[in-house]
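Undergrad: Next one to model:
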Amino acid sequence: QVSLQESGPGLMKPSQTLSLTCTVSGVSITANSYYWNWIRQAPGKGLEWMGAIDYSGNTYYSPALKSRAAISRDTSRNHFSLDVMSVTPEDTAVYYCARSPDFILFESWGQGTLVTVSS
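TA: Next up, the predicted model:
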């Protein structure tokens with residue numbers, strides 16, 4: 001059974017770079033056919049898909065975030081990461097990592113980690 005766990009800084013100041021890690025257990029992130037996603041939910045708003053890395057290491061990004069986001073992975077630690085540069089208070093959200101067989105069905109989720117951007 002797959003398990004995902006996000007870790008992040010909690011509180012940040014504007015203009016800093018947000019770095020999040022999702023540690024996966026129960027399955028290898030190189031397992032065939034899966035995508036490993038980052039999704040966030042800002043206060044009072046819906047879920048926003050940010051991007052993903054697939055089992056081969058290919059990356060995919062939301063056009064809204066592509067210029068500021070970078071997704072990477074460490075296969076030796078079975079985790080993948082998200083960096084978001086130049087954060088603003090609008091990046092305040094609960095950040096989730098999730099596994100999916102495609103970009104429609106997100107079948108396994110982490111519990112989420114709250115990131116607050118405030119001066």
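
Undergrad: Poorly predicted segments of this structure, please.
TA: Along the chain, the model assigns pLDDT under 70 to no residue.

Undergrad: Centroid-nearest residue for it?
TA: residue 38 (2.7 Å; C-alpha atoms, centre = their mean).

Undergrad: show me the contacts for that one.
TA: Residues counted as contacts of residue 38 (C-beta atoms under 8 Å, 6 or more residues apart in numbering) are 20, 22, 49-52, 71, 82, 95-98. All C-beta atoms are positioned from the backbone trio N, CA, C, and that covers glycine.

Undergrad: Please apply the same query to residue 20.
TA: Taking C-beta under 8 Å, 6+ apart as the test, what residue 20 contacts is 6-8, 38, 81-83, 95, 97, 113, 115.

Undergrad: Work out for me the element it sits within.
TA: strand 18-25 (DSSP states H and E).

Undergrad: quick one: buried residues of stretch 70-84?
TA: 70-71, 73, 78-82, 84 (16 or more other C-beta atoms under 10 Å).

Undergrad: all helices for this structure, in order.
TA: Per DSSP state H, the chain carries no helices over any range.

Undergrad: Strands along that one, start to end?
TA: 3-7, 11-12, 18-25, 35-41, 47-54, 59-61, 69-74, 79-84, 93-100, 108-109, 113-117 (DSSP state E).

Undergrad: Now do the end-to-end distance for stretch 40-48.
TA: Using C-alpha to C-alpha, to the nearest Å, one end of stretch 40-48 lies 5 Å from the other.

Undergrad: Just checking: what are the partner strands of the strand holding residue 20?
TA: strand 3-7 (antiparallel), strand 79-84 (antiparallel) (DSSP bridges).

Undergrad: Restricting to C-alpha, output it in PDB.
TA: What follows is strand 18-25 as a C-alpha-only set of coordinates in PDB (Å, rounded to 0.1, in the frame of the first residue of the first chain):
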ATOM      1  CA  LEU A  18       9.600  27.300  -1.100                       C
ATOM      2  CA  SER A  19      11.000  23.800  -1.000                       C
ATOM      3  CA  LEU A  20       8.700  20.800  -0.400                       C
ATOM      4  CA  THR A  21       9.400  17.100  -0.300                       C
ATOM      5  CA  CYS A  22       7.100  14.200  -0.700                       C
ATOM      6  CA  THR A  23       8.400  11.000   0.800                       C
ATOM      7  CA  VAL A  24       6.900   7.900  -0.700                       C
ATOM      8  CA  SER A  25       6.700   4.400   0.900                       C
END
